[in-house]
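Engineer: okay, predicted coordinates and the sequence, questions at the end:
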Amino acid sequence: MKGRVTVPAIRAMKSHQRIGMLTAYDYPSAKIADAAGADVLLVGDSLGMVVLGYPDTLSVTVEDILHHTRAVVRGAQRALVVADMPYLSYHVSIEESVRNAGRMIQAGAHAVKVEGGKASRIKTISAMLDAEIPVMGHIGLTPQSVNAFGGFKLQGKEADDARRLIDEALALEQAGCFSLVLECVPAELAAFITERLTIPTIGIGAGVKCDGQVLVYHDVLGLYDGHTPKFVRKYAHAAADLQNALTQFLGDVREGSFPNDAESFHGTSEEELKRLYGQPEESGAIVVEMPKAQ
């Protein structure tokens, strides 16, 4: 696809072009992912763990997401930029939720992502859509609900839970979401939901039958040394390569081999140095003329 990827373009990819989505948190990661051909860049609240060092996503604030969204937008020339709505940014009231989502759009995001599909969440999403803010839904394992779930667990395995997720998916589509993330649900259930919906599904730990896939940038590149979920495929081991490169640099500094002559600037003549620092006496010592006190 040439030109900027738009919300209608993502909807139109359903069933005929798989959607490639990555998280991005700063200008360089956005530039790299965008140049690689990502259709969507998600400024995910996963930045709490992989960038800010928080123990989970619950500590991420609206200001955190806004700061990183602005950087990602500056680096993305083609991809659709989606800002994650962090914990408590859409839980208190509908009015506050719409205002927070609007701030994400004002920061340059093209859409926001909201977790959950219960009736109360549908009302909030509908209000955002009424404010002309495109919304990406997210059901299954929603990390902001990890305490309610009792941990990071597969969702939709039992029949009643699977029916709940199907109902939520259909409700989110009817509300007007342009796409839907399915996280940590059985592949068979994800395939069933994908077939039932007219909007694209984007899987993460949801099997290959979704309309697209998303992974965390740091997981794909092997930059994060925390827990690696089962659904992650590492395409590089950049953390080890980067540490090795930095170790070599520091070793060269300590050995005095960096910088070498070719990496240094030259051009100041001995005569110029004499003018700068004083005139040599017969002994060969340099006499530095100190400025007189005013």
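Structural biologist: Yep, that arrived.

Engineer: average pLDDT for the strand or helix carrying Leu41?
Structural biologist: Leu41 belongs to strand 40-43 when assigned by DSSP states H and E. Here the mean pLDDT over strand 40-43 is 98, rounded to a whole number.

Engineer: repeat for stretch 58-67
Structural biologist: On average, stretch 58-67 scores 97.

Engineer: same question, stretch 109-127
Structural biologist: Average pLDDT, stretch 109-127: 96.

Engineer: in that stretch, what's buried?
Structural biologist: Buried residues in stretch 109-127, defined by neighbour count with 16 or more other Cβ atoms under 10 Å: 109-117, 121-122, 124-127. Placement of C-beta: from N, CA and C, glycine included.

Engineer: for the stretch 1-150 of the chain, what spans make up the strands?
Structural biologist: Remark: strands assigned in the stretch 1-150 of the chain by DSSP state E, counting those that start in this stretch are 19-23, 40-43, 80-84, 111-115, 135-140.

Engineer: out of those, which comes closest to Asp225?
Structural biologist: Comparison of those against Asp225 by Cβ to Cβ identifies strand 19-23 as nearest, at 16.8 Å.

Engineer: any idea how many residues pack against Lys153?
Structural biologist: Counted with other Cβ atoms under 10 Å, the neighbours of Lys153 add up to 10.

Engineer: I meant to write Gly53 there.
Structural biologist: Neighbour tally, Gly53, other Cβ under 10 Å: 9.

Engineer: what score does Leu221 have for pLDDT?
Structural biologist: Leu221 is given a pLDDT of 97.

Engineer: if I pick it, what's in contact with it?
Structural biologist: Counting by Cβ atoms under 8 Å, 6 or more residues apart in numbering, Leu221 touches 234-236, 238.

Engineer: let's see that with 10 Å instead.
Structural biologist: Residues in contact with Leu221 (Cβ atoms under 10 Å, 6 or more residues apart in numbering) are 22, 29, 32-33, 215, 234-239, 241-242.

Engineer: likewise for Ile139?
Structural biologist: Applying Cβ under 10 Å, 6+ apart, we find Ile139 in contact with 115-118, 121, 155-156, 164-169, 171-172, 180-183, 185, 193, 201.

Engineer: out of those residues, which sit inside helices?
Structural biologist: Members of the contacts of Ile139 lying in helices (criterion: DSSP state H): 121, 164-169, 171-172, 193.

Engineer: buried residues in stretch 49-57?
Structural biologist: Buried, per 16+ other Cβ under 10 Å, within stretch 49-57: 49-51, 54, 56-57.

Engineer: what do you get for stretch 25-43?
Structural biologist: 25-27, 29-31, 33-34, 38-43.

Engineer: helices or strands next to the strand holding Leu41 in the packing?
Structural biologist: strand 19-23, helix 27-36, helix 62-75, strand 80-84, strand 111-115, strand 135-140, strand 212-215 (3 or more Cβ pairs under 10 Å, 6 or more residues apart in numbering; DSSP states H and E).

Engineer: and the contacts of the second one?
Structural biologist: By Cβ under 10 Å, 6+ apart, the surrounding residues in contact with helix 27-36 are 5, 20-24, 38, 40-43, 51, 68-79, 81, 217-218, 220-221, 223.

Engineer: kindly recompute the last result at 6 Å.
Structural biologist: 22, 24, 41, 71-72, 74-79, 217 (Cβ atoms under 6 Å, 6 or more residues apart in numbering).

Engineer: for Leu189, give me its contacts.
Structural biologist: Applying Cβ under 6 Å, 6+ apart, we find Leu189 in contact with 156, 162.

Engineer: what's the helix or strand for it?
Structural biologist: helix 187-196.

Engineer: and the angle for that helix with strand 135-140?
Structural biologist: With axes from the mean of the first three to the mean of the last three Cα atoms, to 10 degrees applied, the angle from helix 187-196 to strand 135-140 works out at 150 degrees.

Engineer: need the ones in helices among the contacts of Ile139 in a markdown table (columns: distance to Ile133).
Structural biologist: Output for the ones in helices among the contacts of Ile139, formatted as a markdown table (distance: Cβ to Cβ, whole Å):
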| residue | distance to Ile133 |
| --- | --- |
| Arg121 | 15 |
| Arg164 | 26 |
| Leu165 | 24 |
| Ile166 | 26 |
| Asp167 | 24 |
| Glu168 | 20 |
| Ala169 | 20 |
| Ala171 | 18 |
| Leu172 | 15 |
| Ile193 | 24 |
